[in-house]
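> Got a sequence here, can you model it:
(3 chains, ligands or ions: 1)
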Amino acid sequence: MDIIDSISQFAIQEPALFALIIGIIGAAVISGVVNVGAMLVIWGERKVLSDFCNRFGPNRVGGRWGILQLGADAIKLFTKEDIIPGDADKGVYVWAPIVASMATMLVAAAIPFGALHIGGKDYPLVVANMDISAFYVEAALSLMAIAVFMAGYSSNNKYSILGAFRGIARMIAYEVPMGVCVIAVAVMAHSLNLVEIVQSQTLWYAFAQPLGFAIFVIALITDLGRIPFDQSEAEEEIISGYNTEYSGIRWGLLYFQEYNNALLGSILLSLLFLGGWQGPIIPIPVLDIISPLIWLFMKVVIVLWCLIWVRASLFRLRIDQVTDLGWKWMLPLSLLNLGWAVVVGSYFA
Amino acid sequence: MGISDVIPVPVAIDDEIEKWTIFGQPVAEVWFTTTEKIHQIIEMGPIKNIFNWGRKNSVYFLMQPMGCCGVEMFVFGAAPYDSDRFGCIPRNTPRQTDVMIMSGYITRKYLPVFKNLWEEMPEPKWCIAIGECAISGGPFYDSYNIIQNTADYFPIDVFIPGCPPRPEQFLEGLINLQEKIKQRKDKRDY
Amino acid sequence: MTNASEVLSSIQSAFPGAVLDSRVESDRRLWATIDSKKILDVCKHLTNKLNFDHYSGSAGVDWIARNEMEVVEIMASHGAHKVVAMLKVKTPRENPSVKSLTGLYWNANWYEREIWEMFGINFEGHPELYPLLLSDQLIGSWPWRKDFKGYPDLTTGERAVAITTPEGYTEYRFPPTPAEVEAGTVVAERPKYPTFREREEREIKSDSEMIMHLGPQHAMVPGPFLLDVLVEGERVKKGFLDVGYIHKGIEKIMENRTWLQGIVYTDRMCYVASLSNNECYCGAVEKILGLEVPERAQYIRVILEELSRIQSHLIGTGEFLTLVAGVGYAPWQYMIIDRERIISLIESVTGARLTHTFVRFGGVRNDLPDDFAEKCKTTLPYIKSRVNEFIELFAQDAIYQKRMENVGVLSAEDAKRVGIAGPALRASGVAYDMRVEDPILVYPDLDFKVIVGTKGDCADRVDCRLREILESIHIIEQCLDRIPAGPIKPEAKIPKKVPAGEAYYRVEDPRGEMGMYVISDGGDKPYRVKVRGPFYATLQTLPPLLEGVYIADVVAIAGSMDGCPSEADR
Ligand code: SF4
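So this is what the prediction gives:
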């Protein structure tokens, strides 16, 4: 107990330094967790999608499950030639993948990755527990669209510029309903803090406001740029969209961030609407401590699986249909949902 | 070549960096000689083997159906033969591919395009010639419009004969290419 | 019902002296040599009075011994009657020139451009005689003329040279070598024509427009061809096509192979439908030879052609699905998996997956294996249930309907006018099927429906294709029940030399009307083989369909046409 004592003493004497150290450790842990998680998501997508398509997927490297496939991909991408097109806007071109990874890290900083259940109390695992974290996370998620635009605009390629414009049009159309949905949740929870939102969910908000849940799911898929909303990189129309000119590790980074975002997005969905880490505590020593983590993990896996399911079974929408849906249906419906949340929320309060 | 070519700094400060020195040497020079050294070390040792292990297990090919063999290529990438098992998936942009599958006849009109696609691919890259046409002109050997000497234009690592070869042969060719990469016996010595 | 002799007498009475020579081969075929001054009037007469509303192509022939060239116009009707009129127009070999039919028939454009660049026959009144298939260094050497010296031209050792263009890009060109110039393979002084790029760039009117290249390498194209679209934002204003990236000169090569060797090349024309190509060529030759095909062989041919139609439609629809839904979409993989079953059925008979070379003059190469009927009886019901599932799936998919309905609509009149063929034509509601129009083999005895659509949009085209699979299965089942025992080859030996004569033979390719015009001069090689490919006709109609649609729709429209550029380029 000496160590804990001295740490707490240090924390009281030097609060600023202590916060800094905790922050750095947290950042390191979080980026590790998120990146490893994203790798697993990519691997999982390849395997699950293969399953949907009635084939095997990678199964040669790293045993019959092909676990090491992504390691091979990463090594290859790292050692590829780095091409920057002669006519590209070099600075922007180079910074786009970096901005993309910054965007995901910003999200990761404020998202609670679960909680530890110690002594009858939940201790949320979050680096920056801010008061408006729900809103902050939602805003930071859309930073990715800026990276997409940077990448597409700087490449000096016709496919890329179209992809970039599509990305921006889509982002603007769906960011608003998504924000309104988050507000509706916040109204019911009486807080914009994700931790408090989770703690306030005696009834999952997916049931309390089903309409909001549906809109949020659609807007989230749009934000993640997955089928049926992957117009910004629609491979069959505009080659590879905004990242057509990217090669090697720069492309790898952009590609990676999409999956990072998918992971974070599904965590956000679970937190806002699916009760987060709440669930019955498993009455077994050790397991009871991490049981909130297990619940959240299971929810996230299910959400991700559903995202892949959607990809395997839906057609891609056209860009005008996407914006049409966004402005003419999603936005009014999300406002309706907000009204519902206000009425119901104030009634129960 | 300036520093801004290799690390993400604005081009504008290139000149500024030129003036900096470290241990009495210009920074840029030190940078380049060190990276050169690192490259040499990589070339020598087991690190290269790890690199090649990665490269061998993740060869993305360019979706580029050209002739009859192109249909077999389509099937080769799809469920029945599932090239994804070997980590080999089709990509549409040459920038993100590692192997070019020459799947049919190359005509005089198409060669410039084809060559451009090849140059757009980042190193290290490999080329597989599939079918008689890509190897030697095949049934069209005496046509006025077909290029026969494809090997003069592209460093072809694997030739897969057949007209068209079966998708199983595609897989065999792919495995041969992987073996070549692993043993560093490919045409361009990666 | 009109028949060939009535058509002939009608022409003769309307234009006395216009018909220089004529031959009524049967009720359905009319061969006539028309005075070159009157050809336009005759065509107008045929179209307006006699319902010849289907201009189905034209062929050039170089009669070097007679010192003249011939252009053969192939005219048919969309269902009003079943006569095919082959109108020949003669022109001297020096400065050959005939009247262009582009004013009458929209789709004459490409056929005439092809004849011009291959034979050097000028078409008076053609709006844009630009090269179509050939690379620019071959223009002017008229490769399909009989005295073209580039044949056999072993290109080994020839190297393309890298040339830096004014914009700083590297291009590869083959300059004519002195030896080539001397031999006349490549002419040193080529006529100057604006390149495709230049013609296209003229169209850009404002800064907000740009030209996007979809091809020659693009996920959309099933083989190299260049579809450029002039876009303003997401809207397409105009489409341009450049083909010939895989022009192999099959028609020329076949003139230099024996009759039998020619079958090999028909395989490679459209590789997903090689059996119907085989059939088309062999049928034409059989017609010249006057061969009867034994009944069992006829049934075997029908069975295999229908099987090949099924697999072609499956892979065509599968490719279409990847275009509109992305490669992650699962059902297209199911289609490819199902197609493998059909392929293995075909393989069990022919021994090859794609290029079969199975049909022979007067018969087929080998008999069906013993367990073929059983295998069919297990596989076909399965495919049927799967296809029904696919049809249902697309009918229920709201996003699919939203994407495909009223996109790329081709009305029945337009479809007839532009000379499109196959399921793409039938989706517009025109029941035009060679199996009915020009029945061959045992098709007249079989019971099947011609599938037609209603609106002619993308959804209809795909739906037609899928429902055609069901019809094909129905045909195969009937054939398996009825197939008699007996020989599969004619008893007499097929002569090496085919007597002089000519024939035009049409089959229903999976992509539509395929015709082959074969001329024999009595030698052991064909004098001329002209292929009227269905996708050639379809491809030509693509640009006008694209005006005003979104970029995403371009992909859907092109995909729904089920392309096979190799057959278009030949
Ligand atoms: S090798 Fe044979 S199958 Fe392949 S492209 Fe050439 S002709 Fe076609």
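> How about chain A: which residue is closest to chain B?
A:I75 (2.7 Å; C-beta to the nearest C-beta). C-betas here are computed from N, CA, C, even on glycine.
> From B:I160, how far out is that residue?
The gap separating A:I75 from B:I160 is 26 Å, by C-beta to C-beta, to the nearest Å.
> do the same with C:P131
According to C-beta to C-beta, C:P131 and B:I160 sit 34 Å apart.
> need the longest helix for the chain.
In the absence of a named chain, this looks at chain A. Of all the segments of type helix in chain A, defined by DSSP state H, the longest one is helix A:15-52.
> meant chain C, my bad for not saying
helix C:295-325.
> What would the next helix or strand after that one look like as CSV? C-alpha coordinates only.
Towards the C-terminus, the helix or strand next in line after helix C:295-325, according to DSSP states H and E, is helix C:330-350. The C-alpha atoms that make up helix C:330-350 are tabulated as CSV, following Å, rounded to 0.1, in the frame of the first residue of the first chain:
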residue,chain,number,x,y,z
ALA,C,330,-22.5,-11.2,-51.2
PRO,C,331,-25.0,-12.3,-53.9
TRP,C,332,-22.6,-11.7,-56.8
GLN,C,333,-20.3,-14.3,-55.3
TYR,C,334,-23.2,-16.7,-55.1
MET,C,335,-23.8,-16.2,-58.8
ILE,C,336,-20.2,-17.0,-59.6
ILE,C,337,-20.4,-20.1,-57.4
ASP,C,338,-23.5,-21.2,-59.2
ARG,C,339,-21.9,-20.5,-62.5
GLU,C,340,-19.0,-22.8,-61.6
ARG,C,341,-21.6,-25.6,-61.5
ILE,C,342,-22.7,-24.9,-65.1
ILE,C,343,-19.1,-24.5,-66.2
SER,C,344,-18.3,-28.0,-64.8
LEU,C,345,-21.2,-29.4,-66.7
ILE,C,346,-20.0,-27.8,-69.9
GLU,C,347,-16.5,-28.9,-69.1
SER,C,348,-17.6,-32.5,-68.7
VAL,C,349,-18.6,-32.5,-72.3
THR,C,350,-16.1,-30.2,-74.0
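> tell me what helix C:330-350 is packed against?
If you count contacts as 3 or more C-beta pairs under 8 Å, 6 or more residues apart in numbering or on different chains; DSSP states H and E, helix C:330-350 packs onto helix B:68-77, helix C:295-325, helix C:372-396.
> let's see it at 10 Å
Using 3 or more C-beta pairs under 10 Å, 6 or more residues apart in numbering or on different chains; DSSP states H and E as the contact criterion, the elements in contact with helix C:330-350 are helix A:15-52, helix A:287-313, helix B:68-77, helix C:274-289, helix C:295-325, helix C:372-396, helix C:458-482.
> Beyond the first one, next helix or strand please.
Beyond helix A:15-52 on the C-terminal side, the first helix or strand identified by DSSP H and E is helix A:69-78.
> again, but for the second one
Counting by DSSP H and E, the next helix or strand C-terminal to helix A:287-313 is helix A:319-324.
> CA atoms only for the helix or strand that that next one is followed by - export them in PDB, please.
Using DSSP H and E, the helix or strand that directly follows helix A:319-324 along the chain is helix A:331-348. Output for helix A:331-348, consisting of C-alpha atoms alone and laid out as PDB, is shown next (Å, rounded to 0.1, in the frame of the first residue of the first chain):
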ATOM      1  CA  LEU A 331     -33.400  16.100 -40.400                       C
ATOM      2  CA  PRO A 332     -37.100  16.500 -39.900                       C
ATOM      3  CA  LEU A 333     -37.400  13.100 -38.300                       C
ATOM      4  CA  SER A 334     -34.500  13.800 -36.000                       C
ATOM      5  CA  LEU A 335     -36.200  17.000 -34.900                       C
ATOM      6  CA  LEU A 336     -39.400  15.100 -34.300                       C
ATOM      7  CA  ASN A 337     -37.400  12.700 -32.200                       C
ATOM      8  CA  LEU A 338     -36.000  15.600 -30.300                       C
ATOM      9  CA  GLY A 339     -39.500  16.800 -29.500                       C
ATOM     10  CA  TRP A 340     -40.400  13.300 -28.300                       C
ATOM     11  CA  ALA A 341     -37.300  13.200 -26.100                       C
ATOM     12  CA  VAL A 342     -38.200  16.500 -24.600                       C
ATOM     13  CA  VAL A 343     -41.800  15.500 -23.800                       C
ATOM     14  CA  VAL A 344     -41.000  12.100 -22.500                       C
ATOM     15  CA  GLY A 345     -37.800  13.200 -20.700                       C
ATOM     16  CA  SER A 346     -39.600  16.000 -18.900                       C
ATOM     17  CA  TYR A 347     -42.500  13.700 -18.000                       C
ATOM     18  CA  PHE A 348     -40.300  11.100 -16.400                       C
END
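> and B:S103, which of the helices and strands packed on helix C:330-350 is closest to it?
When these are ranked by distance to B:S103, counting by C-beta to C-beta, first place goes to helix B:68-77 at 4.2 Å.
> helices or strands up against whatever helix or strand comes next after the closest one?
Moving toward the C-terminus from helix B:68-77, the next helix or strand (DSSP H and E) is strand B:90-91. When contacts are defined as 3+ C-beta pairs under 10 Å, 6+ apart, strand B:90-91 sits against strand B:61-62, helix B:68-77.
> so for strand B:90-91, what's the average pLDDT?
For strand B:90-91, the mean per-residue pLDDT is 86.
> can you give me how far that strand is from the chain middle?
13 Å (C-alpha atoms, centre = their mean, to the nearest Å).
> Tell me the first helix or strand C-terminal of it.
strand B:99-102.
> Spell out whether that next one and the ligand are in contact.
No: counting by C-beta under 6 Å from any ligand atom, the ligand is not contacted by strand B:99-102; separation bottoms out at 9.7 Å.
> what about that strand, average pLDDT?
Averaging pLDDT along strand B:99-102 gives 88.
> can you list the weak-confidence ranges in chain B?
Filtered on pLDDT under 70, chain B yields the residue ranges B:1-14, B:188-190.
> what's the residue closest to the geometric middle of it?
Note on chain B: the residue nearest the mean C-alpha position is B:K125, at 1.7 Å, using C-alpha atoms, centre = their mean.
> who touches the residue lying closest to that residue once chain neighbours are set aside in this structure?
In space, not counting the residues next to it along the chain, B:K125 is nearest to B:D98; the distance is 5.8 Å by C-beta to C-beta, 6 or more residues apart in numbering or on different chains. B:D98 makes contact with A:76-77, A:80, B:55-56, B:58-62, B:88, B:91, B:121-126, B:177, B:181, according to C-beta atoms under 10 Å, 6 or more residues apart in numbering or on different chains.
> on that earlier part again, got the contact list for the residue of chain A closest to chain B?
Per C-beta under 10 Å, 6+ apart, neighbours of A:I75: A:L68, B:I50, B:F51, B:N52, B:W53, B:G54, B:R55, B:K56, B:N57, B:S58.
> This completes my enquiry, with thanks.
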